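Engineer: sequence first, predicted coordinates after that:
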Amino acid sequence: MATVRRVIILGSTGSIGTQALDVIAANPDRFRVVGLSAGRNAEELAVQAERFGVVDTALGADDSELLVRSVEADVVLNGITGSVGLGPTLAALETGALLALANKESLIVGGGLVKRVAAPGQIVPVDSEHSAIAQALRAGAPEEVRRLVLTASGGPFRGRSRDSLRDVTPRQALAHPTWDMGLVVTTNSSTLVNKGLEVIEAHLLFDVPYDRIDVTVHPQSVIHSMVEFVDGSTIAQASPPDMRLPISLGLGWPDRVAGVGAPLDWSTAHTWTFEPLDDEAFPAVRLAKKVGMASGTYPAVFNAANEQAVAAFHAGAIGYLDILETVERVVDAHVPSGELTRESLVHAEEWARRKADTLIAAR
Ligand SMILES: NC(=O)C1=CN([C@@H]2O[C@H](COP(=O)(O)OP(=O)(O)OC[C@H]3O[C@@H](n4cnc5c(N)ncnc54)[C@H](OP(=O)(O)O)[C@@H]3O)[C@@H](O)[C@H]2O)C=CC1
Ligand SMILES: CC(=O)[C@@H](O)[C@H](O)COP(=O)(O)O
Ligand SMILES: [Mn+2]
């Protein structure tokens, strides 16, 4: 019989956080919440703390980091949105707890810094594609892996030309076809920046070079990603689009949590389709690969510029196509300086946000 795992949930008021609490509430014999954190929503945090009998809570990224350092836990689920999750990610790794990582930005931005602190197997991906790959990798040895194939839903604007996207509204960008998620990741899915970030995330998690990581568009979001092996076999992970499955695997890794999600229904006819990514209409994946290969502070600059541009788009300050144009211009202007350290990262991120803000103000 497995022991009850003590879990800290960072970003507990968000999409990932609330679904994690659903999983835990349904499995009290497997998990117990010992810490909760949010950004600003103190009211909801207090309700959650009361419901789960949690004493230790935190608001903001710095306090989330302190919470992780001061409360003993077996698993830390980082469900914070944005690169502000880097401090809590590093703190969780330093405690030796398992890190169930939804906050992809912290790994992408921290890159080598995060990898240096992480013990082998300490980071368990919660992002659906990377959870799928982690599951598929159980089917073969690392040297037998030829290629990773990430699936992308294609977002709400799949099939459209770049020109036709000029006047799309925030409301349209938030109409994700298959997933119900927070504002930033949903917007990033529409621009395909999310897939670009996920390619970098896959490279960092699984040590596969960029020229062996592909993206295919799969609008149904049922195949969550695939691993191609050297003998030509491809292992895909399939399940209805429901984040409670990868969240439960993140919390219980390497064990599965029974009954957490509905399985696929084979009694009705249905079709899964795949199509190539339209790089002209959606250049984000190409740009992200370039940034990932450049490594160092480039991924942090890419992400910070995108965070600024996404916020500006939702504030009505720029148009939809300006998001990626801003990111591209900031990346092009970046001059990396020396070794990757926490300080050089902070410096590069601050520079990227200022540069993006200047470009946004000039629109
Ligand atoms: N939602 C999903 O299905 C998926 C999400 N992800 C990734 O998971 C992460 C979370 O996404 P999602 O749950 O959708 O986002 P949400 O916007 O729904 O939730 C974000 C959470 O982070 C908290 N937060 C925001 N800023 C801070 C801060 N400065 N310090 C501490 N906490 C903060 C928010 O608190 P408050 O409510 O107080 O603002 C909230 O709890 C992202 O990295 C995303 O890319 C990956 C795959 C799927
Ligand atoms: C559920 C999840 O993991 C999201 O990151 C998802 O990938 C978004 O969908 P697309 O980016 O494929 O549109
Ligand atoms: Mn994903």
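Structural biologist: Perfect, thanks for sending it. Ligands and ions are numbered 1, 2, ... in the order given.
Engineer: is it true that Ser221 touches Asp242?
Structural biologist: No: if you go by Cβ atoms under 8 Å, Ser221 and Asp242 don't touch, sitting 9.9 Å apart. (C-beta placed from N, C-alpha, C; glycine too.)
Engineer: what's the biggest helix in the chain, counting residues?
Structural biologist: For the chain, the helix with the greatest residue count under DSSP state H is helix 342-361.
Engineer: which helices and strands sit right next to it?
Structural biologist: Packing contacts for helix 342-361, counted by 3 or more Cβ pairs under 8 Å, 6 or more residues apart in numbering; DSSP states H and E, involve helix 104-110, helix 298-314, helix 320-333.
Engineer: quickly check: that helix near ligand 1 or not.
Structural biologist: No: applying Cβ under 6 Å from any ligand atom, one finds helix 342-361 out of contact with ligand 1, separated by at least 13.8 Å.
Engineer: tell me the buried residues in that helix?
Structural biologist: Ser344, Leu345, Ala348, Glu349, Trp351, Ala352, Arg353, Lys355, Ala356, Asp357, Leu359, Ile360 (16 or more other Cβ atoms under 10 Å).
Engineer: sorry, back to before: pick the most deeply packed of the helices and strands packed on helix 342-361.
Structural biologist: For these, the stretch with the most neighbours on average is helix 104-110, a mean of 27; neighbours defined as mean count of other Cβ atoms under 10 Å.
Engineer: is the helix or strand where Lys290 lies in proximity to ligand 1?
Structural biologist: Element membership for Lys290, per DSSP states H and E: helix 284-294. No: residues of helix 284-294 contacting ligand 1 under Cβ under 6 Å from any ligand atom: none, with a closest distance of 13.9 Å.
Engineer: and Ala362, how far from Ala356?
Structural biologist: 11 Å (Cβ to Cβ, to the nearest Å).
Engineer: so for the residue of the stretch 151-300 of the chain found nearest ligand 3, what pLDDT did the model give?
Structural biologist: Ranked by Cβ to the ion, the top residue of the stretch 151-300 of the chain for proximity to ligand 3 is Glu198, at 5.5 Å. Here, the pLDDT recorded for Glu198 equals 99.
Engineer: keeping just the C-alphas, turn the helix or strand encompassing it into CSV.
Structural biologist: With the criterion set as DSSP H and E, the secondary-structure element containing Glu198 is helix 193-206. The C-alpha coordinates for helix 193-206 follow below in CSV (Å, rounded to 0.1, in the frame of the first residue of the first chain):
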residue,chain,number,x,y,z
VAL,A,193,4.0,30.3,-29.0
ASN,A,194,2.8,27.7,-26.6
LYS,A,195,4.0,25.0,-29.0
GLY,A,196,7.3,26.8,-29.5
LEU,A,197,7.8,26.9,-25.7
GLU,A,198,6.9,23.2,-25.6
VAL,A,199,9.6,22.3,-28.1
ILE,A,200,12.2,24.0,-25.9
GLU,A,201,10.6,22.3,-22.9
ALA,A,202,10.9,18.9,-24.6
HIS,A,203,14.5,19.5,-25.5
LEU,A,204,15.4,20.3,-21.9
LEU,A,205,13.4,17.5,-20.3
PHE,A,206,14.3,14.7,-22.6
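Engineer: for stretch 71-83, buried residues please.
Structural biologist: If you call a residue buried by 16+ other Cβ under 10 Å, then stretch 71-83 has these buried ones: Val71, Ala73, Asp74, Val75, Val76, Leu77, Asn78, Gly79, Ile80, Thr81, Gly82, Ser83.
Engineer: ok, the first one - contacts?
Structural biologist: Val71 is in contact with Ile8, Val34, Gly35, Asp56, counting by Cβ atoms under 8 Å, 6 or more residues apart in numbering.
Engineer: would you list those in CSV and tack on secondary structure, distance to Leu205 and neighbour count?
Structural biologist: Compiled in CSV, the contacts of Val71 are given as follows (DSSP: H, G, I helix; E, B strand; the rest coil; distance: Cβ to Cβ, whole Å; neighbours: other Cβ atoms under 10 Å):
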residue, secondary structure, distance to Leu205, neighbour count
Ile8, strand, 21, 29
Val34, strand, 26, 21
Gly35, strand, 25, 24
Asp56, coil, 29, 17
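Engineer: got those residues as a markdown table, with pLDDT and distance to ligand 2 columns?
Structural biologist: Conversion of the contacts of Val71 to a markdown table gives the following (pLDDT from 0 to 100; distance: Cβ to the nearest ligand atom, whole Å):
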| residue | pLDDT | distance to ligand 2 |
| --- | --- | --- |
| Ile8 | 99 | 21 |
| Val34 | 99 | 26 |
| Gly35 | 99 | 24 |
| Asp56 | 98 | 28 |
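Engineer: tell me the phi and psi of the one residue in the stretch 101-250 of the chain that gets nearest to ligand 3?
Structural biologist: Ligand 3 sits closest to Asp127 of the stretch 101-250 of the chain, with a gap of 4.3 Å, by Cβ to the ion. Per-residue torsions, Asp127: phi -50, psi 130 (degrees, to the nearest 10).
Engineer: understood, closing this out.
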